[in-house]
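[1] Sequence and computational prediction follow.
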Amino acid sequence: MSKVYVKTFIIKTYGPNKLFDITDKVEKIVEESRIENGVATVFSHGSTGAIVRIKPEQAEEYSYVLWDLVPIDGWQHPGNAYAHLRSTIISTKLALPLIGRKLVLGPARIYFVENQCYVARERRITVAVEGE
Amino acid sequence: MSKVYVKTFIIKTYGPNKLFDITDKVEKIVEESRIENGVATVFSHGSTGAIVRIKPEQAEEYSYVLWDLVPIDGWQHPGNAYAHLRSTIISTKLALPLIGRKLVLGPARIYFVENQCYVARERRITVAVEGE
Amino acid sequence: MSKVYVKTFIIKTYGPNKLFDITDKVEKIVEESRIENGVATVFSHGSTGAIVRIKPEQAEEYSYVLWDLVPIDGWQHPGNAYAHLRSTIISTKLALPLIGRKLVLGPARIYFVENQCYVARERRITVAVEGE
């Protein structure tokens, strides 16, 4: 019989183009849920952030290639459409299978990508764990 | 104890590169589901549309930057591979957390993105609400 | 009352830029789950693959336009950041609604995209079926 466990936390970020490791916070919620098998989904509340799974040693190079694909020129201007484009193509959420109370993550980590030019911005992140 | 509520609706679209606000239709299904906490997922059935969450005042600029990233030149030719590329990088689905019977959406809205050059095309959209 | 069914299989791939049809394997797991209505999610375990839904006759052209958007130059060098970029923008997972024991797929198929330059690489794929 399936159940669901939903919890929210807040991180402080700065940007643009910075990655913040949120793996420990996500894994803690998965553990609290006591769900064995199912799916855990990590949601960023706003529409300009993004969630990625990547190996730590790749994170810096990833931020460069992301910049090449979708440069953040927008932040000196009122508009931030490039941040929305990044959010919609990377996704503001990441879902991972949960097997035997462990997230299927391998050597990768879960990162929040701050696309906007802010200092000490508060970002709200919700984790929903569904399963048995 | 978790349950699931799945419902489909149809919208008429035209394109290419147009956004259609489907938030009210999605929220109505979430309300009907009577699920309090969990995840609501919006799926576009075809493989050339896309679903995005974005603020209304950003929608027009978003369609321009999307055009810059993946131009829709394909529609004058038999192939529509660019529409598939858009669908797969934006995603044909959008999942949002549901907390206290409210979708976590903030000031943003949910849009269907019509990538193809059609008039009065029918697009089928399914919402699955899972939770307790 | 909702339940969840999670199962993993392995495929052999080669690359870069090749698509492998995994629809039959996914549909078999959906059938085994005996779940009628809900959501089926297909996850690729690593952080360099991707899962797409596309019509078979579009698959080859899709691989060309994907190459145009995110070329795989990285494989001659130590880094493979382009593969990570592809994975994060296409997504390493695909979710589909399940209605009346049928995946909503239409004439499309489900493909694993091998972005890396390997021969006979083993790729682990998990399907989670949630619903009633």
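    That came in fine, so what should we check first? Numbering: from 1, shown residues only, chains lettered A, B, ... in the order given.

[2] Please confirm that A:Gln58 is located within a helix.
    Yes: under DSSP: H, G, I helix; E, B strand; the rest coil, A:Gln58 falls within a helix.

[3] pLDDT wise, what is it at?
    Model confidence at A:Gln58, given as pLDDT, is 91.

[4] Kindly report the same for A:Asn80.
    pLDDT recorded at A:Asn80 is 83.

[5] who are the neighbours in contact with it?
    Going by Cβ atoms under 8 Å, 6 or more residues apart in numbering or on different chains, A:Asn80 touches A:Thr48, A:Gly74, A:Asn115, A:Gln116, B:Gln58. Just so you know, the C-beta spots here come from the backbone N, C-alpha and C atoms, and that holds for glycine as well.

[6] same deal with A:Gly49?
    By Cβ under 8 Å, 6+ apart, the contact set of A:Gly49 is A:Thr13, A:Ser87, A:Thr92, A:Phe112, A:Val113, A:Glu114, A:Asn115, A:Arg123.

[7] for those, which one is nearest B:Lys7?
    Distance to B:Lys7 across the contacts of A:Gly49 (Cβ to Cβ) is lowest for A:Thr92, with 23.5 Å.

[8] Determine the number of other residues adjacent to the residue nearest to that closest one when sequence neighbours are not counted.
    The spatial neighbour of A:Thr92 that comes closest, neighbours along the chain excluded (Cβ to Cβ, 6 or more residues apart in numbering or on different chains), is A:Ser44 at 4.4 Å. When neighbours are counted by other Cβ atoms under 10 Å in any protein chain shown, A:Ser44 registers 24.

[9] Would you check that A:Ser44 makes contact with A:Val127?
    No: with contact defined as Cβ atoms under 8 Å, A:Ser44 does not count as touching A:Val127 (10.8 Å).

[10] So what pairs up with A:Leu19 in the strands?
    Beta-bridge pairing of A:Leu19 under DSSP bridges involves A:Val113.

[11] Chain B contacts on chain A?
    A:1-4, A:6, A:8, A:41, A:43, A:45-47, A:69-70, A:79-82, A:84-85, A:88-89, A:91-93, A:95, A:126, A:128, A:130 (Cβ under 8 Å from any Cβ of the partner chain).

[12] Which of those residues fall within helices?
    Mapping these onto helices (DSSP state H) picks out A:Leu69, A:Ala81, A:Tyr82, A:His84, A:Leu85, A:Thr88, A:Ile89.

[13] Show me the subset of those residues that also lies near chain C.
    A:Leu69, A:Ile89.

[14] Filter the ones in helices among the residues of chain A next to chain B down to just the buried residues.
    A:Leu69, A:Ala81, A:Tyr82, A:His84, A:Leu85, A:Thr88, A:Ile89 (16 or more other Cβ atoms under 10 Å in any protein chain shown).

[15] what's the distance between the fifth one and A:Thr8?
    Applying Cβ to Cβ, to the nearest Å, one obtains 26 Å for the distance of A:Leu85 from A:Thr8.

[16] likewise the third one?
    Summarising the geometry, the distance separating A:Tyr82 from A:Thr8, computed by Cβ to Cβ, is 27 Å.

[17] same deal with the last one?
    In this structure, A:Ile89 and A:Thr8 are separated by 25 Å, where distance is defined by Cβ to Cβ.

[18] Next: the second one.
    Distance of A:Ala81 to A:Thr8, given as Cβ to Cβ: 27 Å.

[19] before we move on, the earlier item: contacts only, for the residue nearest to A:Thr92.
    So A:Ser44 contacts A:Ala50, A:Ile51, A:Ser87, A:Thr92, A:Lys93, A:Phe112, A:Arg123, A:Arg124, A:Ile125 (Cβ under 8 Å, 6+ apart).

[20] so the second one touches A:Thr92, yeah?
    Translated: A:Ile51. Yes: the criterion here is Cβ under 8 Å, and A:Ile51 meets it with A:Thr92 at 6.5 Å.

[21] shared neighbours of the two, anything?
    Common neighbours of A:Ile51 and A:Thr92 (Cβ under 8 Å, 6+ apart) are A:Phe43, A:Ser44.

[22] okay, now the nearest residue in space to A:Ala120 that is not next to it in sequence: neighbour count?
    Excluding the flanking residues, the one nearest A:Ala120 by Cβ to Cβ, 6+ apart is A:Lys12, at 5.2 Å. Residues lying near A:Lys12 (other Cβ under 10 Å) number 12.

[23] mind listing what A:Lys12 touches?
    By Cβ under 8 Å, 6+ apart, the residues touching A:Lys12 are A:Ala120, A:Arg121, A:Glu122, A:Arg123.

[24] more crowded one of A:Ile51 and A:Thr92?
    A:Thr92 (26 against 23).

[25] show me what contacts the more buried one?
    When contacts are counted by Cβ under 8 Å, 6+ apart, A:Thr92 touches A:Phe43, A:Ser44, A:His45, A:Gly46, A:Ser47, A:Gly49, A:Ala50, A:Ile51, B:Arg53.

[26] Show only the entries of those residues found in strands.
    A:Phe43, A:Ser44, A:Ala50, A:Ile51, B:Arg53 (DSSP state E).
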